[in-house]
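Enquirer: just to be clear, the model below is a prediction. Sequence and coordinates:
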Amino acid sequence: MTKTQERLAQKIRTYREANNLTQFEFAESSGMSEALVSLIERAKENVQLDTMDLLAVRMNISVAELFSSDTTYFLIDSDITIEDSIIKTYGIGVIKDYRLLDYILDISTNQDEIQNLVFDLNEYELDAVHFREYIEDYLE
């Protein structure tokens, strides 16, 4: 197993756990098999580019960000129940050095809006220390 495989394994596992997804759920929503996700998370698979693309799309980040050890922001989806209705909401999580640092759930019900915010956070390389302040300013 290479350092690159270990880096990818940790990033995928951290993302999946932050989103409370089983390997099966993550695999199904990514268009791959649970066995492949398991191999990737154990750094036992030499991942092909098309698989990297599936992973990046599922995590709403670029393929390059799969391997970065810097701060990475990603979309988190969750369901809330209000008066017997389930509403899909979206938030943002922060990974730095392959560890989940922080997250804010239920920012909006508009997935595109949060994906754009995640893109901006990654593009501007916002320091995780200022993450909550940035989101608070955004929500005002």
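Expert: Cool, got the structure. Predicted model, so just to flag it, every value in this text is computed and none were measured. Residues are numbered from 1 along each chain as shown.

Enquirer: thought Arg7 was touching Ile95?
Expert: No. Assessed by C-beta atoms under 8 Å, Arg7 is found out of contact with Ile95, at 11.2 Å. From N, CA and C alone the C-beta is placed, and that goes for glycine too.

Enquirer: which one of those two has more residues nearby?
Expert: Per other C-beta atoms under 10 Å, whichever of Arg7 and Ile95 has more neighbours is Ile95, with 26 against 17.

Enquirer: distance check, the more buried one against Thr4.
Expert: Per C-beta to C-beta, to the nearest Å, Ile95 is found 16 Å from Thr4.

Enquirer: now do Thr89
Expert: Separation of Thr89 from Thr4 (C-beta to C-beta): 34 Å.

Enquirer: count of residues packed around Thr14?
Expert: The number of residues packed near Thr14 is 20, by other C-beta under 10 Å.

Enquirer: so what's Tyr73 bridging to?
Expert: Following DSSP bridges, Tyr73 is listed with bridge partners Val94.

Enquirer: ditto for Ile87
Expert: Ile80.

Enquirer: that one and Thr109 touch, don't they?
Expert: Yes. Contact criterion C-beta under 8 Å: Ile87 and Thr109 qualify, at 6.2 Å.

Enquirer: what sits against Arg58?
Expert: Applying C-beta atoms under 8 Å, 6 or more residues apart in numbering to Arg58 gives the contacts 26, 29-30.

Enquirer: which one of those sits in the busiest neighbourhood?
Expert: Phe26 (23 neighbours).

Enquirer: now the top helix by length along the chain, how far from the chain's geometric center?
Expert: The longest helix of the chain (DSSP state H) is helix 3-18. In terms of C-alpha atoms, centre = their mean, to the nearest Å, the centre of helix 3-18 is set 10 Å apart from its chain centre.

Enquirer: same question, stretch 53-70
Expert: That offset, for stretch 53-70, works out to 8 Å (C-alpha atoms, centre = their mean).

Enquirer: one more: stretch 106-118?
Expert: With C-alpha atoms, centre = their mean, you get 13 Å for stretch 106-118.
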